[in-house]
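A.B. asks: Take a look and give me a structure for this.
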Amino acid sequence: MAFDYDLFVIGGGSGGVRAARTAAATGASVALAEEYRMGGTCVIRGCVPKKLMVYASSYPRSVEDAAAYGWKTQIGAFDWRHFRGTLHAELDRLETVYRKTLGNSDVEIFDSRARLVDAHTVTLADGSTMSARHILIATGGHPIRPDLPNAQMGMVSNDIFQMETLPESMLIVGGGYIACEFACILTGLGVKVTQYYRGAQVLRGFDDEARGLVAEMMRAQGVDLHVGTNIVEMAPASEAHPESGGGTASDAADSAPVGQSVGHGGGETRNLEVDAPFEDHGPLRVKATNGSERVFDTVLFATGRAPNTRELGLEDTGVRLGRKGEIEVDDYSQSSVPSIYAIGDVTNRLALTPVAIREGVAFTNTVFSGNPTKPDHDLVPSAIFTQPEMGTVGMTEEEAMERGGVEIYSTSFKAMQQAFAGRTDRVLMKLIVDAESRTVLGCHIVAEMAGEMIQLAGIAIKMGATKEQFDQTCAVHPTMAEELVTMKTPVRRA
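C.D. replies: Next up is the predicted model:
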């Protein structure tokens, strides 16, 4: 059978673009369809704009610290409109780079939503159809809303970058990395931030000692963080008594139908897979499980994400979906339909941009280069851009203690730069070590620039370095990171 293309990619995020480019480099004919903007979540409404906001929010503290170092200076008011304009100009530039890169790679671009017809055929929004020997789904994920009346009046992470003005006050519901990052960012920009999380501690799944320090530092910087607390009711502040609702905000991620966004309290469901202008409903009155009732200028729901698998025609092809709506794939990213593959967040394996890129390259190696390659999801370093940051790779202490036969090396201290400025900020450096083999199984850092440090530590840990090899590495003094090679005595054993 003759096909229009060797490969048709659905999704123009980092993973899909890398797969398209590398496949085209092998001589394959490749097309890619993207319904919104090239670059996906990371470039347009995730990693990149968020990190730029992190930078913007850090300057007030830097200026304050400068005074302790003898500088006669002060910071003025933050101009959100100016920053927002510059931010979107940068996102436009990056999208143009993505498009040019695809064009230079001879990848044909369709600015359209694509839907599968069968195992080798896709249809576009204009009704045109085309066939491909292989189809790769790289549609990513989207933020979900809670099953709560009036939930559509609150924002999700996509909306943050579209705000016309900064609110004076904001409630953030959730305790994951997105919730915590935006709590720190918006506090740094001058917003009065309150955060509710139903669990006992934020950043569930990360090392307990590390996430505990992050929470402590968040509170010290002004985040009004309430754990063990959830939202019960929400309505416009003009309504004196909001109606009782059907469930709490954080319940939504556990109860959403497979492959779909959660509802909006019985109202029309907004498609969160594509950005749309957020309608500001004005101040919102919120009642919490702790009995408090407060008014906030806006509410941000950061209560989870779901794979973008709705209305892709997957049910027509026999592609199997998992419990959370993710496309089930094997070790080579192949779905239950041999000609259809999937990479990135839509597979719900490890939702990190660099991982999606590596999965895209592994897909090309497997399908077009005759070199079957499994994407490596082991010992992947990552960072949470709270303030201070958290960098992590490998086992947490809790995982290690369950395993047994481990030693924990940990130290917490005031860094020189902040201590001189009179701040109480603390740093954490932590290593998890196999007591028998002496291999370093994990590393956790809470500090400014922890993301930069964990990238380098991750190389050593990925190579299987031992604690003694860390110890044999000469310290760089004076630095925070020197503690990683000077900790001599374990603080705990199991």
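A.B. asks: What ranges does the stretch 251-400 of the chain have for its strands?
C.D. replies: Read by DSSP state E, counting those that start in this stretch, the stretch 251-400 of the chain holds these strands, from start to end of the chain: 284-288, 293-296, 298-301, 305-307, 340-342, 382-384, 389-394.
A.B. asks: deepest of the ones you listed, which one?
C.D. replies: Using mean count of other Cβ atoms under 10 Å, the stretch among these with the greatest mean number of neighbours is strand 340-342 (a mean of 27). For every residue, glycine as well, the C-beta is placed using N, CA and C.
A.B. asks: Show me what that strand is packed up against.
C.D. replies: Using 3 or more Cβ pairs under 8 Å, 6 or more residues apart in numbering; DSSP states H and E, the elements in contact with strand 340-342 are strand 129-137.
A.B. asks: Show residues contacting the strand it packs on.
C.D. replies: Among residues not part of strand 129-137, those counted as contacts by Cβ atoms under 8 Å, 6 or more residues apart in numbering are 1, 3-11, 16, 19-20, 31, 116-117, 119-124, 312, 327, 335, 339-343, 346, 363, 367.
A.B. asks: ok so, going back, which stretch among the strands of the stretch 251-400 of the chain comes nearest I454?
C.D. replies: Across those, the minimum distance to I454, taken as Cβ to Cβ, is reached by strand 389-394, at 2.8 Å.
A.B. asks: Can you give the strand pairings for that closest one, parallel or anti for each?
C.D. replies: For strand 389-394, the paired strands and their directions (DSSP bridges) read strand 382-384 (antiparallel), strand 440-447 (antiparallel).
A.B. asks: what about T129, how many neighbours?
C.D. replies: The number of residues packed around T129, counting by other Cβ atoms under 10 Å, is 12.
A.B. asks: Okay, it and A114: tell me how far apart.
C.D. replies: According to Cβ to Cβ, to the nearest Å, T129 stands 10 Å off from A114.
A.B. asks: so what sits against both of these two?
C.D. replies: By Cβ under 8 Å, 6+ apart, T129 and A114 have these common neighbours: 122-123.
A.B. asks: picking that back up, nearest to R403, of the strands paired with strand 389-394?
C.D. replies: When these are ranked by proximity to R403, the top entry is strand 440-447, at 8.4 Å, counting by Cβ to Cβ.
A.B. asks: Can I get the strands of the stretch 251-400 of the chain in TSV including mean pLDDT?
C.D. replies: Listed next are these as TSV, based on pLDDT from 0 to 100:
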stretch	mean pLDDT
strand 284-288	97
strand 293-296	97
strand 298-301	98
strand 305-307	97
strand 340-342	98
strand 382-384	98
strand 389-394	98
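A.B. asks: is it possible to export those strands to TSV including distance to A25?
C.D. replies: Output for the strands of the stretch 251-400 of the chain, formatted as TSV (distance: least, Cβ to Cβ, whole Å):
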stretch	distance to A25
strand 284-288	50
strand 293-296	50
strand 298-301	41
strand 305-307	28
strand 340-342	17
strand 382-384	28
strand 389-394	30
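A.B. asks: Which one, of those strands, ends up nearest to R61?
C.D. replies: Comparing the strands of the stretch 251-400 of the chain against R61 with Cβ to Cβ, the closest turns out to be strand 389-394 (13.4 Å).
A.B. asks: which other residues reach the closest one?
C.D. replies: Residues from elsewhere that reach strand 389-394, judged by Cβ under 8 Å, 6+ apart: 203, 206-207, 210-211, 214, 379-384, 432, 440-455, 457-458, 461-462.
A.B. asks: close enough to count as contact, A220 and P388?
C.D. replies: No. Counting by Cβ atoms under 8 Å, A220 stays clear of P388, with 10.3 Å between them.
A.B. asks: Compare neighbour counts for those two and give me the winner.
C.D. replies: Relative neighbour count places P388 above the other of A220 and P388, with 25 against 12, counting by other Cβ under 10 Å.
A.B. asks: That one touches M217, doesn't it?
C.D. replies: Yes. P388 is within contact range of M217, at 5.7 Å (criterion: Cβ under 8 Å).
A.B. asks: list residues touching both of these two?
C.D. replies: Counting by Cβ under 8 Å, 6+ apart, the shared contacts of P388 and M217 are 425, 446.
A.B. asks: Now do the helices in the chain.
C.D. replies: 14-25, 40-45, 47-68, 80-104, 157-160, 177-188, 208-220, 252-255, 314-317, 353-367, 397-403, 416-420, 450-462, 467-472 (DSSP state H).
A.B. asks: residues near the nearest residue to K414 once chain neighbours are set aside, how many?
C.D. replies: If the residues on either side of it in the chain are set aside, K414 comes closest to R426, at 6.0 Å by Cβ to Cβ, 6 or more residues apart in numbering. Here the number of neighbours of R426 (other Cβ under 10 Å) works out to 18.
A.B. asks: I figured R426 hits E448, correct?
C.D. replies: No. At 11.4 Å, R426 and E448 do not qualify as touching, with contact defined as Cβ under 8 Å.
A.B. asks: one step back: and the residue nearest to K414, how far is that from A183?
C.D. replies: 19 Å.
A.B. asks: tell me the contacts of C180?
C.D. replies: 195, 202-203, 214, 218, 384, 386 are the contacts of C180 under Cβ under 8 Å, 6+ apart.
A.B. asks: ok, of those, which come out buried?
C.D. replies: Judged by neighbour count, with 16 or more other Cβ atoms under 10 Å as the criterion, the buried members of the contacts of C180 are 195, 202-203, 214, 218, 384, 386.
A.B. asks: Check these and tell me the two furthest apart.
C.D. replies: Once Cβ to Cβ is applied, those give Q195 and I384 as the farthest pair, at 14.4 Å.
A.B. asks: Can you tell me which of the strands paired with strand 389-394 is most buried?
C.D. replies: Neighbour counts (mean count of other Cβ under 10 Å) averaged over each of the strands paired with strand 389-394 peak at strand 440-447, with a mean of 26.
A.B. asks: ok and it relative to helix 450-462, angle-wise?
C.D. replies: 170 degrees (axes from the mean of the first three to the mean of the last three Cα atoms, to 10 degrees).
A.B. asks: about what we covered before: quick one: the buried ones among the contacts of C180 as TSV, columns for distance to G140 too.
C.D. replies: Supplementary listing: the buried ones among the contacts of C180 in TSV, determined by distance: Cβ to Cβ, whole Å:
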residue	distance to G140
Q195	26
V202	24
L203	22
V214	26
M218	28
I384	20
T386	23
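A.B. asks: Looking at these, spot the one nearest A302.
C.D. replies: Using Cβ to Cβ, the buried ones among the contacts of C180 come closest to A302 at Q195, 9.1 Å.
A.B. asks: Run through the bridge partners of that closest one.
C.D. replies: Using DSSP bridges, the beta-bridge partners of Q195 come out as I172, L225.
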